[in-house]
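Participant: Turn this into a model:
(chains A and B)
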Amino acid sequence: MTNHTPSWYPSSAGDPSPDNLPVVVPATDIERINTLPINTVPINTAPIYTAPRSSRRKFLGFAAAGAATVGAGAIALNRTDSIPSVEEATEAVADALPTPTTRPLVASEDVAGRTLVVVELQGGNDGLATLVPRNAGVLYDRRENLHIPDEELIDFTDEYGWNPGLEALAGHGIAALVGLGATDMPDGSHFEMERRWWAGKSSGVDLPGTGFLGRLCDQLVVDQPVTGVSLGSGPSPAMRGEKAVTVGLSDPEASWFLRNEDPWFVNLRNGMANMALESEPNFGPMSHARGGLNDTLAFAETLQEIDNDAIRERYPDTNLGRSLGTAAQLISQEAGLRVLHVSLGGFDTHSDQRGTHENLMRELAESLDPFLVDLAERGQAESTLVCTTSEFGRRLAANDGGTDHGAAGMAMLAGPVATGVYGEMPSLTTLDDGNLIASVDFEQYYATIAEKWFGIPSSEVLDSGVAPLEGLLTV
Amino acid sequence: MATAEQVAHTLRRTSFAVHPGQVSSFADTDIHDVIDEILSDEGWALSEEETASRNLEDAQWDTLPSEWIDRMMQPDAKLHERMVWFWHNHFTTNRQETKRSLVWRQHQTIRRHAMGNLRDLARAIITDGAMLHFLDGSGSRGDAPNENFSREFMELFMLGRNAGYTERDVRAGARILSGWYVDWETDDVGFSNEDNYARPVEFLGQRKRWNLDSYLDAVMAQPTCAGHVAGKLHDYFVSTPLTDERRNELGEVLRSNNWELRPLMSEMLHHDDFVNALGVRTREPVEWLTAAAAIFDLENVGEDEGFKFWQIYQTGQVPFEPPNVAGWVNDERWSSASQVMVRGNTVLNWQVSDRVINSVTPTPEAVLAHCGIFSPSESTLNALHEALAVQTEYDHGLELLLTMAVLSPEFATI
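Facilitator: Next up, the predicted model:
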């Protein structure tokens, strides 16, 4: 065990608490991953490097930018079919930016403490293998190698069963939204479709500079330092807002030096705050870097101690498990966080889909199960909505052992939802170039979250101002 | 004659760690002579031992990412090494989805062609064993072709999204490339006539029978190809907005030199766009880590292997483990709050060398110049002065100033 106290750290200041020190021991389970045959190599495995039990550093990730460029996004928010003049655009910017004293546009006591947790399934989750249509001959014919026998499915409705990997969620009331995707010119590219989902613009035309979750945060911000947080792997451009501070939290304990009260560290923090003050040069990267310093100091104030032992006890030791464990604690602190984003990668199952996908389903379910229980014990079950996103579903026909990029997929929702299947299952015989045709646009899904969950009119956060779906939420 | 600021800018863009004394070694040199010297870099040859190691020992595998970063720290890691890193993030492969021996072989392939010829590099990549695994080319058969590689080769690697090809070309390309495989046991890359779709296919407007070379020639004959690759090099090395006109010019340099990379790099680095591009993009973690370690005059980025890997892992930029096939995106997220926290942790575990203690006066101006910051913003300069004025209780003013300087907004940009 190496003690990483700075060697020049002033000894007269007294030892920092042992809990505050970054303590690390060598990796232990790298061997496991490297000796697995390729078919079982866990894609998006959590850290190859396993942090030791004595360490509190367990996260990977970086933040979405706090403040995005004012302008493009705001204009797009109020975009009409004609191109706005400069005056109109300026007005639009002013209109779209909530002022610090403005409450959410539809404010009600009911929505005040509500929180959203988005689980992004990265790579394009196969909807047809997540919620499986029973007895669909076409599905069997086109996907013989991927077939999941009826008797292995987790019971759900007469028409559908869940992937066997989702067993851990069997006791929770889960809602499924099928036929979900971009109804307007879907694209086969991960990156294009990710951008559309993040930005909340299904057509991909005139993508705003902000993300959908960031715009929700802009509407939800009150006088708390941080409104949105991304946990675990991956940046989330979806969290990019204009006014609300959203940060990425790699590891709560990485903030130890921001809480140390020794004069040297106080001086360092003052210095960081002073360096963050605006002065020339103040264009793009410099101003973002100043924002990074500001967000760091703001979040250190918000962030209380996270109990990692409690997380280890009940959550799987995976990136997703640790992220959701942290999310539950952050939510119950009620410190102003309203939108949390976590992700699970590896869904790009071009090959070896049958086992790989089921393992991913299992990883998802075995992290969501303790999370939902945890939330209930903390009294947050009724005020937390959990929902999944994924850039697209996969092609109906298998390429052999896997599936290529498709179009319509599905989403899962947990929390105060009415369990059942929503949306309309796309035809398995009438296809668009081999792909399922979306029946529900993802902007409708987003509108449902905005209006039915947060009481924010969809026109405030989505260009289309599309109507929400009915019946999905029980609140 | 080049100013120290110009030299520092040029070195930090074209190498990784700028070591103490390096900037002043170019005093009284014209900036274009500095750039010519940089362009003459041949990189280092891998030792016989390194080349021969078809099966890396476990220990090497575990530490491969941090070993490479330590190697980037060496004074002989210059432009060639930068280009190895660039191609590593262009023709991406995640080591978790293939074999160690193949990852190492791919690394050597990229190293061999990094400043050579783009066509040679691209051809080697199509039949690279690690790539055949990563993008599922291996096992793709003519009757059930896997589109993964075909799509990304055109979308990300060579042409740009929807730039000169259609979805039908993606599917046709997958047919053409079907049959290439890598043997899991022997690592041998081979071609199976049986699994190849041998019939004529319409691809990029021509219907005929194809092979690897005619496929590659057709892709590289697309008018978008040279500009796409040159543009991506420009984004990384110059990082200023690229006009269509300049993109075409750069593409033409690449094409008219028969895809040789060195003339293109010369054209880009000698151009005013590069010479004046100070602080125009956010420093990526690998750049930040190697640069900061050189400020502290360390030989590598950490002593303890476990801690070293942890800090690299925390940044989200572990070599050989890009987040997806598009690689790491260099944007302002690299200076966000979580990076600041990780960077603070990293620096607070380093010990500044005696050489720095003895040679750098603990004043804001001297410390900032030591960090290659010659025109600090008013707020940063004031912050360092104020911090030093308060720092009377302990004799650690130099460490405080160095810590602040590497956490400054200036050091977060490049």
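Participant: How about stretch B:284-300, which residues are buried there?
Facilitator: B:284-298, B:300 (16 or more other CB atoms under 10 Å in any protein chain shown). Yep, even glycine has a C-beta here, placed from its N, CA and C like the rest.
Participant: Would you mind extracting the C-alpha trace of it into CSV?
Facilitator: Provided in CSV are the C-alpha atoms of stretch B:284-300 (Å, rounded to 0.1, in the frame of the first residue of the first chain):
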residue,chain,number,x,y,z
GLU,B,284,-6.7,16.3,-24.0
PRO,B,285,-5.8,14.3,-20.9
VAL,B,286,-2.8,12.5,-22.5
GLU,B,287,-1.4,15.9,-23.5
TRP,B,288,-2.1,17.4,-20.1
LEU,B,289,-0.7,14.5,-18.1
THR,B,290,2.6,14.3,-20.1
ALA,B,291,3.0,18.1,-20.2
ALA,B,292,2.3,18.5,-16.4
ALA,B,293,4.7,15.7,-15.5
ALA,B,294,7.4,17.5,-17.5
ILE,B,295,6.7,20.7,-15.6
PHE,B,296,7.5,18.7,-12.4
ASP,B,297,10.5,17.3,-14.2
LEU,B,298,9.4,13.7,-13.7
GLU,B,299,10.7,10.8,-15.8
ASN,B,300,7.2,9.2,-15.9
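Participant: That stretch vs chain A: in contact?
Facilitator: No - counting by CB under 8 Å from any CB of the partner chain, chain A has no neighbours in stretch B:284-300; the shortest distance is 8.5 Å.
Participant: contacts for the host helix or strand of residue B:35?
Facilitator: Assessed by DSSP states H and E, residue B:35 sits inside helix B:31-39. With CB atoms under 8 Å, 6 or more residues apart in numbering or on different chains as the test, helix B:31-39 has contacts from B:2, B:6-7, B:10-11, B:14-15, B:26, B:78-79, B:262, B:265-266, B:269-270, B:275.
Participant: Please check the residues you listed and keep the buried ones.
Facilitator: B:2, B:6-7, B:10-11, B:14-15, B:26, B:78-79, B:265-266, B:269, B:275.
Participant: Output these as JSON lines; include the columns distance to chain A.
Facilitator: Shown next, in JSON lines, are these (distance: CB to the nearest CB, whole Å):
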{"residue": "B:2", "distance to chain A": "21"}
{"residue": "B:6", "distance to chain A": "17"}
{"residue": "B:7", "distance to chain A": "20"}
{"residue": "B:10", "distance to chain A": "18"}
{"residue": "B:11", "distance to chain A": "19"}
{"residue": "B:14", "distance to chain A": "19"}
{"residue": "B:15", "distance to chain A": "20"}
{"residue": "B:26", "distance to chain A": "24"}
{"residue": "B:78", "distance to chain A": "24"}
{"residue": "B:79", "distance to chain A": "23"}
{"residue": "B:265", "distance to chain A": "23"}
{"residue": "B:266", "distance to chain A": "26"}
{"residue": "B:269", "distance to chain A": "20"}
{"residue": "B:275", "distance to chain A": "17"}
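Participant: Which of the contacts of helix B:31-39 fall in strands?
Facilitator: Among those, no member falls in strands (DSSP state E).
Participant: Filter these down to the ones in helices?
Facilitator: Secondary structure from DSSP state H places B:6, B:7, B:10, B:11, B:14, B:79, B:262, B:265, B:266, B:269, B:270, B:275 of those in helices.
Participant: got the contact list for residue B:99?
Facilitator: A:38, B:129, B:130, B:133, B:184, B:187 are the contacts of residue B:99 under CB under 8 Å, 6+ apart.
Participant: In terms of pLDDT, where does residue A:21 sit?
Facilitator: Note on residue A:21: pLDDT of 31.
Participant: What parts of the stretch 351-475 of chain A come near chain B?
Facilitator: Contacts of the stretch 351-475 of chain A with chain B, taken as CB under 8 Å from any CB, map to A:351, A:398, A:399, A:400, A:401, A:402, A:404, A:405, A:433.
Participant: of these, closest to residue A:213?
Facilitator: residue A:405 (23.7 Å; CB to CB).
Participant: Nearest residue to residue B:391 in space, please, no chain neighbours.
Facilitator: residue B:397 (4.8 Å; CB to CB, 6 or more residues apart in numbering or on different chains).
Participant: from what I can see that neighbour touches residue B:362, true?
Facilitator: Yes - at 4.5 Å, residue B:397 counts as touching residue B:362 under the criterion of CB atoms under 8 Å.
Participant: and those two? which has more neighbours close in?
Facilitator: When residue B:397 and residue B:362 are compared for neighbours, residue B:397 comes out ahead with 20 against 17, by other CB atoms under 10 Å in any protein chain shown.
Participant: What is the neighbour count of residue A:230?
Facilitator: Applying other CB under 10 Å, I find that residue A:230 has 32 neighbouring residues.
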